[in-house]
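1. here is my input, please return the structure:
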Amino acid sequence: MADVFISYAHTTSKQAQAAAAALRTAGYSVWLDDDLAVHREFTSAIEEQLAAAKAALVIWSADAARSAWVLSEANRAREDRKLVQLVIDKTRLPMPFDQVQCADFSGWMGEGDHPNWRKVVASIAELAGKTETAPQPAASFPAAAPLALPDKPSIAVLPFANLSNDPEQEYFAEGMVEEIVQALTRFKDLFVIGSGSTFAFKSRSVSPQEAARILGVRYVLEGSVRKAGNRVRITASLTDATAGAQIWTNRFEDTLDDVFALQDRVALATAGAIEPTVSAAEMARAVRRPTGDLGSYDLYLRGIAALRDQTKEGWSQAQACFERAVRLDPEYGVAWSMLSAAHLVALQFGWSGPDDAALHVELARHARREALRTAADNEFVLSTAALGLMDVDMDLEGAVDLVERAIAMNPGSAAVWMYSGMVRLRTGEIDLAAEHYERATRLDPIGRVGQHASGFLAGPRFLQGRYEEAIMLCKRYLQSTDSPIPYAILAACYGRLGDRIAAQTALASYRDRSSQTVEGYIRVVSPTAAHQQAWLDAIAAARGPDSAG
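-> Now for the predicted structure:
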């Protein structure tokens with residue numbers, strides 16, 4: 001049984017976890033409802049823990065004051081004369097708790113140097129019969145001028161809290177941080193603080209904002225590890241310290257059959273999710289800036305943001321931004337890579353006239369060569385270059401080599417797996433292409449890359465004969481893109497299913513969006529003669545004997 005029971009509304013779980021971590025540092029055992037064993041009936045378990053605790057800390061907030069559970073727990077603690085309470089907003093305490101001393105923690109986000117924290121610890125120490133040992137406050141860090149932020153997204157991973165009440169599990173929490181830091185360093189466009197620096201914060205209560213100020217980063221990743229028997233739960237959250245806002249959170253649960261495999265899996269998933277989250281936040285920040293003297297990086301971000309709606313106009317705007325970016329910085333490899341991709345999309349989607357096609361080919365080749373010259377150690381550049389080799393130079397062997405090198409560099413990148421799926425589809429490895437698209441979607445389930453990968457999966461699903469699933473994927477993808485390709489796939493699927501009206505409607509939508517015929521597109525992208533014939537037969541069925549080409 002724990003020394004301290006913490007009662008709180010789940011909208012203030014961050015503060016509850018911070019209080020728990022600080023109290024554990026001070027030598028107290030702590031129980032929150034997050035510690036509830038999966039096999040226990042929660043009412044009896046909560047009642048048992050509350051009755052056994054020597055002190056009950058209630059964290060009041062507007063939601064807590066409305067919570068029947070918090071009110072009940074606070075009342076039990078008051079009746080047992082072990083209530084310690086603090087309020088983190090201007091909420092008026094409900095009766096009769098407004099008659100009991102309550103520490104004012106307005107605006108508190110878990111900082112260990114809050115002026116009233118010592119009062120809370122003193123009350124708990126008195127109830128628990130212990131000598132007060134306050135956690136070392138963040139103010140003990142030497143004051144220093146804030147470091148200048150790097151010129152690319154910057155992140156620090158703070159030590160994960162060990163919530164297992166088992167000091168021997170510290171190694172696992174520390175190893176988790178090491179693995180995540182290592183996985184993040186594979187993303188060349190992220191500036192990542194080494195774990196040696198962040199471990200200086202171990203056993204000290206410090207806010208994400210203060211840690212970011214000391215380390216000179218914009219983003220801070222925090223987390224906790226809890227082990228119970230053969231199961232482990234890892235929780236991680238990402239904060240934009242400059243805005244003071246949490247922008248991403250996730251929880252991972254699994255068995256501990258292979259500790260190192262679990263660490264690697266969580267690290268890659270975390271890094272793969274964080275990179276697009278950070279990229280989205282950086283894009284939003286760039287777009288909010290007033291136009292004027294924009295640097296190459298800002299132009300790159302504006303170009304990426306212009307692709308959000310996947311329209312012809314968006315790609316045209318993005319291409320202009322990438323062109324300006326590389327003019328300002330001819331050594332900016334990733335911008336060159338995106339410029340090459342913009343020209344490839346214009347070709348593939350039929351968004352350029354016949355007279356412009358040769359120009360797009362040459363510009364795509366030039367941008368690809370510059371990208372590889374300046375950033376051949378970047379996995380995104382390698383995988384994008386693979387598309388150019390495949391679509392422009394018809395060098396499938398070279399494309400496979402580049403995506404394999406990109407995956408080896410960073411297996412946590414959703415974009416790399418998506419590009420690999422595109423290459424594998426063209427080599428005729430249909431099942432492998434589908435697997436790689438699914439991997440990309442899993443790494444970026446709600447982001448831009450995941451949307452594309454899920455939409456691209458429709459191609460392999462058609463070739464696997466899974467027409468209904470391919471139709472569903474196309475319809476979902478069309479909510480975020482103006483690409484003509486999903487309509488070509490829809491026409492083929494409806495043709496196979498014998499739905500002539502839906503098929504011809506899809507063909508009309510394709511013609512409205514592309515200057516290239518469906519058959520022309522199929523002949524370019526089909527991996528083998530057999531696959532090409534499967535597409536052409538389906539389109540012929542979609543057109544019907546009485547329909548004009």
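
2. list the residues that contact residue 468.
-> Residue 468 sits next to 493, 497 when contact means Cβ atoms under 8 Å, 6 or more residues apart in numbering. Where C-beta positions appear, they are placed from N, C-alpha and C, glycine not excepted.

3. now the helix or strand hosting it: mean pLDDT?
-> Assigning secondary structure by DSSP states H and E places residue 468 in helix 467-477. When pLDDT is averaged over helix 467-477, the result is 93.

4. put the alpha carbons of it into PDB.
-> The C-alpha trace of helix 467-477 is given here as PDB (Å, rounded to 0.1, in the frame of the first residue of the first chain):
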ATOM      1  CA  TYR A 467     -11.600  -4.500 -55.200                       C
ATOM      2  CA  GLU A 468     -14.000  -3.400 -52.400                       C
ATOM      3  CA  GLU A 469     -11.100  -2.500 -50.100                       C
ATOM      4  CA  ALA A 470      -9.400  -0.600 -53.000                       C
ATOM      5  CA  ILE A 471     -12.600   1.400 -53.600                       C
ATOM      6  CA  MET A 472     -12.800   2.300 -49.900                       C
ATOM      7  CA  LEU A 473      -9.100   3.400 -49.800                       C
ATOM      8  CA  CYS A 474      -9.600   5.600 -53.000                       C
ATOM      9  CA  LYS A 475     -12.700   7.300 -51.600                       C
ATOM     10  CA  ARG A 476     -11.000   8.000 -48.300                       C
ATOM     11  CA  TYR A 477      -7.900   9.300 -50.100                       C
END
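
5. contacts for whichever helix or strand comes after it next, please.
-> Going down the chain from helix 467-477, the next helix or strand is helix 485-497, by DSSP H and E. With Cβ under 8 Å, 6+ apart as the test, helix 485-497 has contacts from 348-349, 455, 458-459, 462, 467-468, 470-471, 474-475, 477-478, 500, 502-504, 506-507, 509-510, 513, 518, 521-522, 535, 538-543.

6. now do stretch 72-82
-> 5, 7, 46, 50-51, 53-56, 58, 83, 85, 96-97, 100, 127.

7. now which of these would you call buried?
-> For these, a neighbour count by 16 or more other Cβ atoms under 10 Å gives the buried set as 5, 7, 46, 50, 53-56, 58, 83, 85, 97, 127.

8. and of those residues, the nearest to residue 173?
-> Ranked by distance to residue 173 (Cβ to Cβ), these are led by residue 5 at 23.4 Å.

9. residue 50 is in contact with the closest one, correct?
-> Yes - at 5.0 Å, residue 5 counts as touching residue 50 under the criterion of Cβ atoms under 8 Å.

10. all strands for the stretch 151-300 of the chain, in order.
-> 154-157, 161-162, 191-192, 219-228, 231-240, 245-255 (DSSP state E, counting those that start in this stretch).

11. ok, the second one: who's next to it in the sheet?
-> Right, strand 161-162. Next to strand 161-162 in the sheet, as set by DSSP bridges, lie strand 219-228 (parallel).

12. quick one, the strand it pairs with and strand 231-240 angle?
-> Orientation check (axes from the mean of the first three to the mean of the last three Cα atoms, to 10 degrees): strand 219-228 against strand 231-240 gives 170 degrees.

13. so which of the contacts of helix 485-497 are in helices?
-> Judged by DSSP state H, the subset of the contacts of helix 485-497 located in helices is 348, 455, 458-459, 462, 467-468, 470-471, 474-475, 477, 500, 502-504, 506-507, 509-510, 513, 518, 521-522, 535, 538-543.

14. PyMOL command for the buried members of those?
-> A single PyMOL command selects the buried members of the ones in helices among the contacts of helix 485-497 (16+ other Cβ under 10 Å):
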select buried, resi 348+455+458+459+462+467+470+471+474+477+500+502+503+504+506+507+509+510+513+518+521+522+535+538+539+541+542+543
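
15. rewinding a little: tilt between the helix holding residue 468 and helix 500-513?
-> Put simply, helix 467-477 runs at 40 degrees to helix 500-513, going by the same axes, to 10 degrees.

16. overlap of the contact sets of residue 5 and residue 50?
-> Contact with both residue 5 and residue 50 is made by residues 56, 73, 77, according to Cβ under 8 Å, 6+ apart.

17. hmm, back to that, and the strands of the stretch 151-300 of the chain: which comes nearest residue 278?
-> Smallest distance to residue 278 across the strands of the stretch 151-300 of the chain (Cβ to Cβ): 6.0 Å, for strand 219-228.

18. CA atoms of that closest one as CSV?
-> The C-alpha trace of strand 219-228 is given here as CSV (Å, rounded to 0.1, in the frame of the first residue of the first chain):
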residue,chain,number,x,y,z
TYR,A,219,10.5,20.6,-28.4
VAL,A,220,10.7,18.4,-25.3
LEU,A,221,9.7,14.8,-25.1
GLU,A,222,8.7,13.4,-21.6
GLY,A,223,7.6,10.0,-20.6
SER,A,224,7.1,7.3,-18.0
VAL,A,225,7.7,3.6,-17.8
ARG,A,226,5.7,1.2,-15.6
LYS,A,227,6.5,-2.5,-15.3
ALA,A,228,4.1,-4.9,-13.7
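
19. that'll do, ta.
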